[in-house]
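Peer 1: okay, sequence plus prediction incoming.
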Amino acid sequence: MLAVRLTAAALLALYPAAAAETVEIKGRVTNQFAAEKYRAVQVIVTDRLGVELGRARPVARGQYELKITGPRYIIFKALLEGYPDAIYQLDTEEIKESTKDREENRVFGELRIPTYYQNITFGAKASGPQGLEDLLARENPAAVKAYRAARSQKEAGDLKKAAGSLEKLIRQYPDFYIGYIDLGMILAAQQENDRAVEVFTQAQKLRPEHPWAYVGLGFALNNKQDYRSAAEYLEKAVQLEPNSVNAQFQLGQAAFKLGDHERALKCFEQVVVLDPKFNPIVYKTLASIYVARQDAQGAARALQSYLAQFPDAADAEKVKQILARLGR
């Protein structure tokens, strides 16, 4: 059994390559988790909508290389077989064009393929907020027992009973942070947004360094159509936990409603990276943003990705008709 607790990892690395430019990518994989070491790793490069551009396995001493032709921005992912949620780090400080290639270009005046370097490390200690079990480990065992019972009620679909149990729990243990989080999420999901804001505000006071209360406040305030206040809390949430798919999604929603399409675009693209099947609204909103920019190709890519992730969607035929009009 591993001594390291595995959680979701940062996945995004951007390369300022020109549109449809061919680049060579090289690097080294360091893997402290699996006995297979680098042989258990796949390096995958996609565009910002998740369309795969290339993949490679490391060879001798963990080195890998691949050549891709792609758009301006590309996204790195690394998969470790047997550890789907393993933490890894992307060494983004080492991105550079090969000095040798650049000098040869100058001397011979030839167009050479740019080379970039990207190292990937599995097993490094990850920074980020505490997860659920870490939070519960420091709480009163009796409070944790009551919390788990309420969570079981929630998972069984009895939200009213779960909310009542959580209300009782936070009255008895007023410093039980995670109890407020679960209660607030139930209230916001049921559109009891004023009470949800009260609950999340108390949670934020208890743990101002933790992102979940800010996500909850953003969720409830989005429901109330107070998008500006929601965005303020959600910006704090993504600052504390950039890989929170909930925070990125809610912030994208708020930014889109505020007309900040550039911010919304970045958020929804990050949602696609973190969880391509998180919510179909992501792809439709991306398509709307591209249409507003008069970018028919971008809109088509977003809708194609929507169909790829949700092939059985009720509006799949309608989307196909739209794509046909766009020439796709």
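Peer 2: Received it, and whenever you're ready, just let me know what you need. Source: prediction; values computed, not measured. Numbers count the residues shown, from 1 in each chain.
Peer 1: where does the prediction get shaky in the stretch 101-250 of the chain?
Peer 2: Along the stretch 101-250 of the chain, segments meeting pLDDT under 70 span 101-115, 122-128.
Peer 1: what are the boundaries of the helices in it?
Peer 2: Counting by DSSP state H, counting those that start in this stretch, the stretch 101-250 of the chain has helices at residues 132-137, 141-155, 159-172, 177-189, 193-206, 212-223, 227-240, 245-257.
Peer 1: so which residue is dead centre in this structure?
Peer 2: Leu274 (3.2 Å; C-alpha atoms, centre = their mean).
Peer 1: could you find the closest non-adjacent residue to that one?
Peer 2: Val245 (4.4 Å; C-beta to C-beta, 6 or more residues apart in numbering). Any C-beta I mention is one placed from the backbone N, CA and C, and that applies to glycine too.
Peer 1: coming back round to it: so for the residue nearest to the centre of the chain, what's the pLDDT?
Peer 2: Leu274 carries a pLDDT value of 87.
Peer 1: ditto for Arg72
Peer 2: pLDDT at Arg72 comes out at 58.
Peer 1: over to Ala287?
Peer 2: Reading off the model, Ala287 has pLDDT 93.
Peer 1: what helix or strand is it located in?
Peer 2: Here Ala287 sits within helix 281-292, counting by DSSP states H and E.
Peer 1: got the angle for the next helix or strand after that helix vs helix 281-292?
Peer 2: Downstream of helix 281-292, the first helix or strand assigned by DSSP H and E is helix 296-309. Relative orientation of helix 296-309 versus helix 281-292 (axes from the mean of the first three to the mean of the last three C-alpha atoms, to 10 degrees): 170 degrees.
Peer 1: now for helix 296-309, which elements pack on it?
Peer 2: Helix 296-309 sits against helix 281-292, helix 316-325, with contacts defined as 3 or more C-beta pairs under 8 Å, 6 or more residues apart in numbering; DSSP states H and E.
Peer 1: out of those, deepest packed?
Peer 2: helix 281-292 (a mean of 20; mean count of other C-beta atoms under 10 Å).
Peer 1: what separates it from the chain centre, distance-wise?
Peer 2: Distance, stretch centre to chain centre, for helix 281-292: 18 Å (C-alpha atoms, centre = their mean, to the nearest Å).
Peer 1: check which helices and strands it sits against.
Peer 2: Secondary elements touching helix 281-292 (3+ C-beta pairs under 8 Å, 6+ apart): helix 245-257, helix 261-274, helix 296-309.
Peer 1: try it again with 10 Å
Peer 2: Using 3 or more C-beta pairs under 10 Å, 6 or more residues apart in numbering; DSSP states H and E, the elements in contact with helix 281-292 are helix 245-257, helix 261-274, helix 296-309, helix 316-325.
Peer 1: the inter-axis angle of that helix versus helix 316-325?
Peer 2: 30 degrees.
Peer 1: out of the helices of the stretch 101-250 of the chain, which is the most enclosed?
Peer 2: Mean neighbour counts for the helices of the stretch 101-250 of the chain (mean count of other C-beta under 10 Å) peak at helix 212-223, with a mean of 27.
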